[in-house]
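Q: Here is the input, now give the coordinates:
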Amino acid sequence: MAKDSIEKLQAKLVLASLRHVVFDGWNRVSLQRAAADLSWPGAEVDRLFPRGGLDAAIIFSKLADEEMVACTSRELSSEMRIRDRVKRTVQCRLEFLEPHREAIRRLTSFMLVPGNGRHSFSLLYSTVDAIWFAVGDKSADFSFYTKRALLAGVVASTNIFWLEDQSEGRQHTWEFLDRRINDVLGIQKIRTKSEQIREMMPNPLSCFSRLRSVAL
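A: The predicted structure follows:
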């Protein structure tokens with residue numbers, strides 16, 4: 001084990017704990033059981049996950065993001081429409097999570113525990129940030145933040161829908177995702193047009209100043 005990096009050891013233990021998480025939750029119990037499965041000393045759990053289940057949840061979310069990015073790097077092309085790239089990227093993440101749906105269900109409840117909320121928002125931001133970069137978005141203006149805020153709603157709501165979806169191949173989830181992306185792109189277009197119109201219009205204060213000077 002000494003030859004492996006801390007990150008690799010954490011990832012290995014988290015993945016081994018998923019089958020226990022379904023019954024015991026995101027906590028030290030699941031991690032200790034996973035360590036026993038791997039014939040690791042129990043002390044490794046405290047060393048690798050000082051905050052127990054919270055650290056495990058954070059590591060797992062990062063693993064999902066990494067797998068998502070790896071998937072999109074193989075499948076996305078510049079010829080694809082931006083909406084199709086975004087959809088496929090979200091699908092890649094959910095496809096990685098698919099074998100662990102019950103563990104994700106427990107994770108969703110765990111992240112609602114008081115004290116975990118800020119970590120939940122931070123992980124969601126990391127995910128949507130990774131999605132925009134994966135699809136080739138390099139915006140650095142105000143839209144950088146609006147795009148991430150809008151996509152966060154898409155990802156969060158799609159995850160919840162996916163957890164309850166019993167359709168074959170999760171087809172209903174992909175249809176739901178389509179609708180949400182269409183909504184977001186529609187809002188983005190409206191915002192862009194509004195900003196363009198605002199830039200074309202004269203400053204109301206300067207207009208008032210000119211009218212006042214004429215009147216005087």
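Q: from here on, contacts and neighbour counts on C-alpha atoms
A: Fine.
Q: Can you find the helix or strand in the chain with the smallest mean pLDDT?
A: helix 204-215 (a mean of 44; mean pLDDT, DSSP states H and E).
Q: so what secondary structure elements neighbour the helix or strand encompassing Ala152?
A: Following DSSP states H and E, one finds Ala152 within helix 143-164. Applying 3 or more CA pairs under 8 Å, 6 or more residues apart in numbering; DSSP states H and E, one finds that helix 143-164 contacts helix 117-134, helix 171-200.
Q: Averaging pLDDT over each of those, report the lowest-scoring one.
A: Here those differ in mean pLDDT, and the lowest is helix 171-200 at a mean of 71.
Q: Spit out the contact partners of the most centrally placed residue in the chain.
A: The residue lying closest to the centre of the chain (CA atoms, centre = their mean) is Thr127, at 2.9 Å. Going by CA atoms under 8 Å, 6 or more residues apart in numbering, Thr127 touches Asp65.
Q: And the helix or strand containing Glu95, what's buried?
A: Element membership of Glu95, judged by DSSP H and E, is helix 82-97. Buried residues in helix 82-97, defined by neighbour count with 16 or more other CA atoms under 10 Å: 82, 85-97.
Q: and after that helix, which helix or strand comes next?
A: helix 101-110.
Q: Tell me the gap between that next one and the middle of its chain.
A: Distance of helix 101-110 from the chain centroid (CA atoms, centre = their mean, to the nearest Å) equals 15 Å.
Q: what does stretch 24-36 give?
A: Taking CA atoms, centre = their mean, one finds the center of stretch 24-36 at 24 Å from the center of the full chain.
Q: Report the mean per-residue pLDDT for it.
A: Here the average pLDDT along stretch 24-36 is 98.
Q: looking at the helices and strands packed on helix 143-164, which is buried most?
A: Most buried of the helices and strands packed on helix 143-164 by mean neighbour count (mean count of other CA atoms under 10 Å) is helix 117-134; its value is a mean of 18.
Q: Convert the C-alpha atoms of it to PDB, please.
A: Extracted as PDB, the C-alpha positions of helix 117-134 are listed here (Å, rounded to 0.1, in the frame of the first residue of the first chain):
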ATOM      1  CA  GLY A 117     -25.000  21.400   3.000                       C
ATOM      2  CA  ARG A 118     -22.100  23.700   2.100                       C
ATOM      3  CA  HIS A 119     -20.100  20.700   1.000                       C
ATOM      4  CA  SER A 120     -23.000  19.600  -1.200                       C
ATOM      5  CA  PHE A 121     -23.100  22.900  -3.000                       C
ATOM      6  CA  SER A 122     -19.400  22.900  -3.400                       C
ATOM      7  CA  LEU A 123     -19.400  19.500  -5.000                       C
ATOM      8  CA  LEU A 124     -22.300  20.500  -7.300                       C
ATOM      9  CA  TYR A 125     -20.300  23.500  -8.400                       C
ATOM     10  CA  SER A 126     -17.300  21.400  -9.100                       C
ATOM     11  CA  THR A 127     -19.400  19.100 -11.200                       C
ATOM     12  CA  VAL A 128     -21.000  21.800 -13.400                       C
ATOM     13  CA  ASP A 129     -17.700  23.600 -13.700                       C
ATOM     14  CA  ALA A 130     -16.200  20.300 -15.000                       C
ATOM     15  CA  ILE A 131     -19.100  19.900 -17.400                       C
ATOM     16  CA  TRP A 132     -18.700  23.300 -19.000                       C
ATOM     17  CA  PHE A 133     -14.900  22.900 -19.400                       C
ATOM     18  CA  ALA A 134     -15.500  19.300 -20.800                       C
END
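Q: Thank you, goodbye.
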